[in-house]
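*Asks:* generate a structure from the sequence data that follows.
(one chain, ligands or ions: 2)
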Amino acid sequence: MNEDQRSLLLSSSSRFPPPQGVRLSYGTAGFRADAALLESTVYRVGILAALRSLKMDGSVIGVMLTASHNRVSDNGVKIADPSGGMLSQSWEPFADALANAPTSQHLLQLITEFVEKENISLEGVRRAEILLGRDTRPSGESLLEAAKQGISSILGAVAIDMGIVTTPQLHWMVRARNKGIKASELDYFEQLSSSFRCLIDLIPSGSKISEVDEKLVVDGANGVGGEKLEVLRKMLDGMVVEIRNSGKDGGVLNEGVGADYVQKEKFAPSGFGSQDVGLRCASLDGDADRLVYFSVPSKSCNNIDLVDGDKMLSLFAIFIKEQLNTLSKEGTENTSSSYHARLGVVQTAYANGASTDYLKKLGLEVVFTPTGVKYLHEKAAEYDIGIYFEANGHGTIIFSESFLCSLEARYQEFSSVSKGSEQQKAALRLLAVSKLINQAVGDALSGLLLVEAILQHMGWSIQRWSELYKDLPSRQLKVKVVDRTAVITANAETVVVRPPGIQEAINAETAKYPRGRSFIRPSGTEDVIRVYAEASSQEAANSLANSVARLVDQFLGFGSS
Ligand code: 16G
Ligand code: MG
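*Replies:* Numbers count the residues shown, from 1 in each chain. Ligands and ions are numbered 1, 2, ... in the order given. All right, here's what the predicted structure looks like:
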């Protein structure tokens, strides 16, 4: 590192001292804390993003300021790698160390050692480029400034402010930029709306949705998603969408609204109720990377029928499987031999057991990973078409480059030898899905358009969709413990290997309940142990969850040591 670079880092870091007595942790998907504590962390993440861009030969990196579904007074920062996915896990320990370096000197030393180890040249000869995005939180503006200062303290690094965007928009832009395709917000909207239109135009003439189902009502969580959906809606003719909680009517971000609230509480969000009985409703989270659907079944209460990430996964899997089956049908003598696509679905332990049974009955390959998009995404990337979802509504579909190339070739072939054939349409539908769905990361807006297109294709109401299978009743609890890192899990968080004895005790409890299943895991975002239980009735699920929570308290609680 040359002298100019050293003094630049020393002078800028002295303006961003870390908060006293607070340890920040990178967590599952970035840093999150009360916004007042984050300036120094965001400044340092700016440095990290610039170094990452240099390491990746100048590829564009993204920095997103958001605390997703959390309180409006919180904020957070996430990093998007060149693929548009989450920051490589191999850099997470550095992110942790950087955020917690106590002084400017320590920071400098850490950076010096890291760039040496990673072979990153800091002479300012190479350009690094970072796209910055933020959600609608008021703290976003000053944190943006901190990120810019971090970026500009690495010689040759430039920040480009993309303004207020959803998290998935920023990931999409990073991916697009690195693929050399147009990457503005308008390009994003145009890609989504044109591929949506393509799917709608390919709907078989027999499918007709009844009038009551025409309208979709969306809860925007009083965040950035509702605002962006307003823009997108204008580009989608023929789709009737009403947007509530768009943040314009004085509601507070994520307060009694949004996908997290709806999925966890199984309750209609604020602004929804008896007037909406039977309507197809959807809810986005605060930064629009999660999506759930729901309907209000009766006028008497605000309970909902939840259609969660598992059911979205099922819907997408059915549609894709149908297209792949059509593609592989015989009868097109003049085309080359068919390409057998490997389709895989990825879930976590939180997936409702009924969904896993259903997917397996469809003949699909179902695999499990630990909680967190980075794990699911990585696994899904092993397939030609990988569909992944968490029950909470995080998820997407990814297509391998080689599969897309062969699909494109087959489409061209069908176009010349069997134009208008079912096979040609199936190929075109899959190509449209690959453009509509955000392959960088789960995206509530693109997911919503895909759900809408598939429901219309199938001629299904939300009730018909919800009836694909019946969720097993489940219950989630959290337990405060002395040290959550004392819990070590294996097999995609379904088994506890440490502390010894607790898994056997959980097994003994679970065995008492018909269709019982339960697991515990340390949260990656909060200082708690989470408990999940499901069973054949709600009472049984509650009781199993309570018993397991008691075991956690016995083995790890404050009375245990
Ligand atoms: C993060 C993850 C989410 C996961 C959640 C679990 C991403 C982008 N987000 O929000 O996928 O469901 O953590 O939280 O990966 P927990 O560890 O506190 O239960
Ligand atoms: Mg989110």
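*Asks:* state the distance from whichever residue of the stretch 351-500 of the chain sits closest to ligand 1 to E230.
*Replies:* Per CB to the nearest ligand atom, V373 is where the stretch 351-500 of the chain lies closest to ligand 1, at 3.4 Å. Every C-beta, even on glycine, is put in place using the N, C-alpha and C of the backbone. The gap separating V373 from E230 is 26 Å, by CB to CB, to the nearest Å.
*Asks:* more neighbours, the two?
*Replies:* V373 (20 against 15; other CB atoms under 10 Å).
*Asks:* E390 against F368, yeah?
*Replies:* No - under the criterion of CB atoms under 8 Å, E390 makes no contact with F368, lying 11.3 Å away.
*Asks:* now do the contacts for L122.
*Replies:* M1, N2, Q5, L54, V115, I154, L155 (CB atoms under 8 Å, 6 or more residues apart in numbering).
*Asks:* again, 6 Å this time
*Replies:* With contacts defined as CB atoms under 6 Å, 6 or more residues apart in numbering, L122 is in contact with M1, Q5, V115.
*Asks:* before we move on, the earlier item: how about the residue of the stretch 351-500 of the chain closest to ligand 1, phi and psi?
*Replies:* Per-residue torsions, V373: phi -50, psi -40 (degrees, to the nearest 10).
*Asks:* try K374
*Replies:* Torsion angles, degrees, to the nearest 10, at K374: phi -60, psi -30.
*Asks:* and it, what does it touch?
*Replies:* Listed by CB under 6 Å, 6+ apart, the contact set of K374 reads M86.
*Asks:* gap between the residue of the stretch 351-500 of the chain closest to ligand 1 and L87?
*Replies:* From V373 to L87 the distance is 11 Å (CB to CB).
*Asks:* now C301
*Replies:* From C301 across to L87, the span is 43 Å (CB to CB).
*Asks:* show me which of those two is the more surrounded one.
*Replies:* Counted by other CB under 10 Å, C301 and L87 do not tie: L87 has more neighbours, with 24 against 12.
*Asks:* just checking, the more buried one touches D81?
*Replies:* Yes - between L87 and D81 there is a contact at 5.5 Å, judged by CB atoms under 6 Å.
*Asks:* the stretch 351-500 of the chain: strands as residue ranges?
*Replies:* Assigned by DSSP state E, counting those that start in this stretch, the strands in the stretch 351-500 of the chain fall at 365-368, 385-389, 395-399, 474-479, 488-490, 495-498.
*Asks:* would CSV of these with mean neighbour count, distance to ligand 2 and mean pLDDT be doable?
*Replies:* Formatted as CSV, the strands of the stretch 351-500 of the chain follow (neighbours: other CB atoms under 10 Å; distance: least, CB to the ion, whole Å; pLDDT from 0 to 100):
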stretch, mean neighbour count, distance to ligand 2, mean pLDDT
strand 365-368, 16, 22, 98
strand 385-389, 27, 14, 98
strand 395-399, 26, 12, 98
strand 474-479, 18, 18, 96
strand 488-490, 14, 23, 98
strand 495-498, 16, 28, 97
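*Asks:* which of the three states applies to the spatially closest residue to R71 that is not a sequence neighbour?
*Replies:* The spatially closest residue to R71, leaving aside those adjacent along the chain, is N254, at 6.6 Å (CB to CB, 6 or more residues apart in numbering). The three-state assignment at N254 reads coil, by DSSP: H, G, I helix; E, B strand; the rest coil.
*Asks:* how about M162?
*Replies:* strand.
*Asks:* quick check, it in contact with L131.
*Replies:* Yes - in this structure, M162 is within contact of L131 by CB under 6 Å, at 5.4 Å.
*Asks:* below-threshold pLDDT in the stretch 51-200 of the chain: ranges please.
*Replies:* Counting by pLDDT under 70, the stretch 51-200 of the chain shows no low-confidence range.
*Asks:* in it, which spans are strands?
*Replies:* Using DSSP E, counting those that start in this stretch, the strands of the stretch 51-200 of the chain run over 60-65, 74-80, 128-134, 157-164.
*Asks:* contact residues of the stretch 351-500 of the chain facing ligand 1?
*Replies:* T371, G372, V373, K374, E390, N392, H394 (CB under 6 Å from any ligand atom).
*Asks:* can you pick out the most distant pair from these?
*Replies:* Spatially, the most separated pair among these is K374 and N392, at 15.0 Å (CB to CB).
*Asks:* got phi/psi on the nearest residue to P370 once chain neighbours are set aside?
*Replies:* Leaving aside its chain neighbours, P370 sits nearest to E493 (5.0 Å; criterion: CB to CB, 6+ apart). Backbone torsions for E493, taken as degrees, to the nearest 10, come to phi 70, psi 20.
*Asks:* burial of the closest residue to P499 other than its chain neighbours, as a residue count?
*Replies:* For P499, ignoring the flanking residues on the chain, the nearest one in space by CB to CB, 6+ apart is F555 at 5.4 Å. F555 has 21 neighbours, counted by other CB under 10 Å.
*Asks:* now F555, what's its secondary structure?
*Replies:* Under three-state DSSP, the three-state class of F555 is helix.
*Asks:* that one and ligand 1, how far apart?
*Replies:* With distances taken as CB to the nearest ligand atom, to the nearest Å, F555 is found 19 Å from ligand 1.
*Asks:* residue ranges in the stretch 301-450 of the chain under the pLDDT threshold?
*Replies:* The stretch 301-450 of the chain contains residues with pLDDT under 70 at 330-339.
*Asks:* could you pull out the helices for it?
*Replies:* 309-327, 353-361, 373-380, 401-417, 422-436, 444-458 (DSSP state H, counting those that start in this stretch).
*Asks:* just want the angle from the fourth one to helix 422-436.
*Replies:* In this structure, helix 401-417 runs at an angle of 140 degrees to helix 422-436, with axes from the mean of the first three to the mean of the last three CA atoms, to 10 degrees as the basis.
*Asks:* same question for the third one.
*Replies:* Orientation check (the same axes, to 10 degrees): helix 373-380 against helix 422-436 gives 150 degrees.
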